[in-house]
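Chemist: Build the 3D model from these lines:
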Amino acid sequence: MGRSSRFILVLLFLCTLIGCGGGSTQSESTTTPQPSVVINPPAPNVRPGDPPVQFTATVANTSNTAVTWSVNGTTGGSAAMGLISTTGQYTAPATVPTSNVVTVQAALVSTPTVQGTSSVTLLNPIPVVSSVSPQIIGVGAFTIQVNGSGFLTGAQVMFGTTALTTTFVSATELTATGTAVAAQAGSVSVTVVNPAPGVNNSTTSAVTQVSSVTVETVAAAVRFLEQSTFGPTPALVTQVQQIGFPEFLTSQFATSGSTYPDPASTVTSLLPTQQVFFTNALNNPDQLRQRVAFALSEMWVTSGFTVPPQGMAPYMRLLLQDAFVNYRTLMNDVTLSPAMGRYLDMVNNDNPPTGQHANENYARELMQLFTLGLDKLNEDGTLQLDSSGNPIPTYTQADVDSFALAYTGWTYPTQSGATLAKHNPAYWIGPMVPFESNHNTAAKVLLPVSGSAVTLPAGQSAENDLSGALDNIFAQPSLPPFVCKQLIQHLVSSNPSSAYVKRVADVFTSGTFSGGGVTIGSGQRGDMQAVIAAILLDSEARRGDSTATANPGDGHLREPVLYIANILRAFGATTDGAAPANSASSMSQSVMDSPSVFNFFPPDYGIPGTNLLGPEFDLETTATTLVRANFINSFVYGSIGTGTTVSFTTYANLAANPNATGQLLDTLNALLLHNSMTADARTSILAAVNAVPAGSTQNLARAQAAIYLILSSSQYQVEQ
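Modeler: Numbers count the residues shown, from 1 in each chain. All right, here's what the predicted structure looks like:
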C-alpha cells in the first residue's frame, strides 16, 4: 500500500473517533423524552355498591400535569359504564353491563392524545342474606322467603348443597321451593349465589329443620292460622302441618317485623298508611307479630280522627315493635307515644294552677280501657263482689286526679337541631320528653298493692313519677285477667271460659308458658311471648280443631279487616292495599281511624237475644251485612277496586265436570272452613254448582258459584 493510501486510512479512523464533517468538529446528537401518563391501580375489580375507587395519574416529562378523566372515552363516564370525577374517583354503575370490562382513561389536557389507561373489571354484587322465613320447616315440600340485599335476577338459593327453584322478587327478596329429606334434619345453611361475572356466594343464614312429618291435620292447621295470622294460605297450612303449632310460634317470634314508612309532611290522608297495613298483612311473613299488633291497636286505641298520618305510622311501628316484649314495656312506650299524647291529651299536660285539675283523660282511660277495667276482677276474669254482691270499683275519682298529676310535664319530642321548649311543636318520631318545670312535684297517693298504701314521694322528676305510676298499675291483680281476656277475644273466642282466662292470666303473672313440648317466656311478669303461646295453645283454643270436640259457643265473627284479609290471602290476591282499605271502611272499620277510644266495638258487647258476647257483632247492621255480600260478589265476579287482582284458575280446573265438583268443594271446605262444612250446606252448594252447565267455558263460573256461596255464608263469616 502506498503512503497516500495509508494516510487516508488514518484520517478515516480519526474521523470515526472524533467525528468529522464539512471540515469542522460536531458534538453528539440527543433525543428529547416524550410526555407519558401512568394510571394506578392498573386493573382493579369493582362491584356495584362498592366504595368509589380512587385512581391516580402519574405524569412524566412535562410540567403541565393536568389530566382529563374518562370512561370508555366519555369524559366523566356514564351511568351505564360508571362515573369518574375530575379527581379520578370512579363509581361503579348500578348494574353490570353486558361487556363487564371498561377502560378508565387519563388524558393530558395539553396533549389529549397522550393517555394512560386502566382496565376495570365489573363484577356482580355479593349478596347478603339477613333472614330466612320460616325459620323452621318440616320434611317434605317447602317454600322459604329469603331477605337480604344485592340479589339479582337469576340468583340461586342454596339449601345446604342443594339448589332450590328460585324466584326473584326484588333486590331484597327471593322465594325458593324445594323438598327437604329426613337426612337434612338439624341446622341447614341457606346461601344465595348471584349469577356471573364474579364469585358471588352470599353470607349465610341458618334455617332449622325438624324431622317430623305431618303432625297436624289440615283442619287443625287452618283453624290455628285463622287465630294466629291474617289468614291461612296453602303454603302456610303445609308448613304448620309439617312442624306443628309450638314450632310455628317459635319461628314467628324470631321473624323480622314489618314496618310503616313515615308519610311526608304534606300527606293529609290516612289512606297511604292504611294501604301499607293491608300489603303487610297480605304479603309479609311476620304474621303473628302483625296479628298481635292489630289486636293491641284495638285495645290501646288511637285514631286518625285526631292524630295525623305522620303520627299514626310511628304508632303502628311501635305496636309491631312491642308485640312480643313485656306488657310493662308496652305500657311505657305507648304512654310516651306522641300519637297517644295527642289523642288522650297527655302531651303538654302541665302542672295545674292551685285549685285546678290536671287533664285526666289519659289517666282515666289508661286504667279503664288499657289495663284494669272499671271493676276489680278475680284471677279468672270474673267480677269481685262486695258483701252486698256489688262490683268493687277499681279506682276512684281521687285516684284519677293523682295519676293525672303524675303524668304532667311531658311534651312532643325535640326535633333534631332544636332546643327543648316548654311546649315543643308537634313532632311524631321518638317518645315524648319531659319539661321538668311543667311537672307537678307534690306527693301522690296511688292504688294500694297487696293491701298496702302506695305514695309517690314529693320532689320526684317527671320520669320517676311516670315510672312509679305505671309500676303501680302493672302490679294490680286485675291487670292480667283484664288484658288476657281481651287478647283471647281478639285472637280466639269472644266467650272464653273463666278457666281459660285464669290459665292465661297465670302465665301472664309467671312469665313462662310450658306445654306442647316447649317452654316459652322470660319468667318475668307480663312476658308477651308466653301469654301469646298460652292463648293459642290452650286446650280450649284447640278443641275446635276437630269437629268431634268443637264447641258451638267458641269463635267470633270475623271483623271486617280480618274478613277481607282472610279472603284475599286464601286466594293469593295481589293488591296495593287501597281497595281492601276502602272496603273495610265501607264495612265501618276504617283501619287506624276508630270513631272513639272504645274501639270500633267494645269487648263486652252482647249479641242481642242471647247470653253470649259478640264484640264484632256491634258492627253487624243491616247496612254492613249488605256491604259484605256486595264485597263478595265484586271479589268473585268482578273487582273490588283497581290495584287488586285475583285468579280462580286453580279452582276452575277442579270444576271441569260434574264428577269433579266434589273435589272442588272439598278443597274449598278445607281451606276456608277447616273441613267444618255441614252436610246440608254441602248438598245445597253442590246442587248450585252443578246447575251451571259443564264445559271448558263454564268451569270458572262453576268455581265462582262455589266460592261465592261459601264466602257469603254465615258459617264462614263466624270463625269457630
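
Chemist: who touches stretch 646-659?
Modeler: Residues outside stretch 646-659 that contact it (Cβ atoms under 8 Å, 6 or more residues apart in numbering): 568, 571-574, 635-636, 660-661, 663-664, 667-668, 689-690, 694, 696, 699-700, 702-704, 706-707. Heads up, the C-betas are built off the backbone N, CA and C, glycines and all.

Chemist: can you check stretch 46-59 too?
Modeler: For stretch 46-59, contacts defined as Cβ under 8 Å, 6+ apart pick out 35-41, 44, 65, 67, 69, 82, 84, 87-96, 104, 106, 108, 116, 118, 120-126, 150, 198.

Chemist: for this protein, which strand is longest?
Modeler: In terms of residue count, the longest strand belonging to the chain (DSSP state E) is strand 140-149.

Chemist: Report the next helix or strand after that strand in sequence order.
Modeler: Note on strand 140-149: by DSSP states H and E, the next helix or strand toward the C-terminus is strand 156-159.

Chemist: Parallel or antiparallel, which strands does that next one pair with?
Modeler: Sheet pairing of strand 156-159 (DSSP bridges) gives strand 162-163 (antiparallel), strand 186-193 (antiparallel).

Chemist: Those into a markdown table, with extra columns for mean pLDDT and mean neighbour count?
Modeler: As requested, these are exported to a markdown table (pLDDT from 0 to 100; neighbours: other Cβ atoms under 10 Å):
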| stretch | mean pLDDT | mean neighbour count |
| --- | --- | --- |
| strand 162-163 | 94 | 13 |
| strand 186-193 | 92 | 17 |
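
Chemist: Of these, which is nearest Thr229?
Modeler: Closest to Thr229 of the strands paired with strand 156-159 is strand 186-193 (Cβ to Cβ; 22.6 Å).

Chemist: And the next helix or strand after that closest one, what's buried?
Modeler: For strand 186-193, the following helix or strand on the C-terminal side (DSSP H and E) is strand 205-209. Buried residues in strand 205-209, counted by 16 or more other Cβ atoms under 10 Å: Ser205, Val207, Thr208, Gln209.

Chemist: cool, stretch 441-448 as well?
Modeler: Neighbour count says stretch 441-448 has Thr441, Lys444, Leu446, Leu447 buried, by 16+ other Cβ under 10 Å.

Chemist: Please narrow these to those residing in strands.
Modeler: Lys444.

Chemist: Which of the buried residues of stretch 441-448 lies at the shortest distance from Ala323?
Modeler: For the buried residues of stretch 441-448, the closest approach to Ala323 (Cβ to Cβ) belongs to Leu447, at 27.0 Å.

Chemist: Please name the residues that touch that closest one.
Modeler: Thr394, Tyr395, Asp399, Val454, Asn472, Ile473, Gln476.

Chemist: what's near enough to touch the most centrally placed residue in the chain?
Modeler: Residue closest to the average C-alpha location in the chain (Cα atoms, centre = their mean): Ser258, at 0.9 Å. The neighbours of Ser258, taking Cβ under 8 Å, 6+ apart as the test, are Asn280, Asn284, Asp286, Arg289, Gln290, Leu320.

Chemist: tell me the contacts of the fourth one?
Modeler: With contacts defined as Cβ under 8 Å, 6+ apart, the neighbours of Arg289 are Gln252, Thr255, Gly257, Ser258, Leu320, Ala323, Phe324.

Chemist: give me that answer again for 6 Å
Modeler: By Cβ atoms under 6 Å, 6 or more residues apart in numbering, Arg289 lies in contact with Gly257, Leu320, Ala323.

Chemist: Just give me the neighbour total for the residue lying closest to it once chain neighbours are set aside.
Modeler: Closest residue to Arg289 apart from its sequence neighbours, by Cβ to Cβ, 6 or more residues apart in numbering: Ala323 at 4.8 Å. Ala323: 23 surrounding residues under other Cβ atoms under 10 Å.

Chemist: wait, isn't Ala323 in contact with Val292?
Modeler: Yes. Counting by Cβ atoms under 6 Å, Ala323 touches Val292, with 4.2 Å between them.

Chemist: For Ser258, what are phi and psi?
Modeler: Dihedral pair for Ser258: phi -70, psi 180, per degrees, to the nearest 10.

Chemist: Could you report the separation of it from Ala565?
Modeler: Distance from Ser258 to Ala565, counting by Cβ to Cβ, to the nearest Å: 13 Å.

Chemist: ok, which pair from the contacts of Leu447 is furthest apart?
Modeler: Greatest spatial distance among those (Cβ to Cβ): Thr394 and Val454, at 14.4 Å.

Chemist: out of those two, which sits in the more crowded spot?
Modeler: Neighbour totals were compared for Thr394 and Val454, and Thr394 leads with 22 against 16 (other Cβ under 10 Å).

Chemist: Check the gap between the more buried one and Arg525 for me.
Modeler: According to Cβ to Cβ, Thr394 stands 19 Å off from Arg525.

Chemist: The closest residue to Gln184 other than its chain neighbours bridge partners, please.
Modeler: Excluding its sequence neighbours, the residue lying closest to Gln184 (Cβ to Cβ, 6+ apart) is Gln209, at 5.9 Å. Under the criterion DSSP bridges, Gln209 forms beta bridges with Ile137, Gly186.
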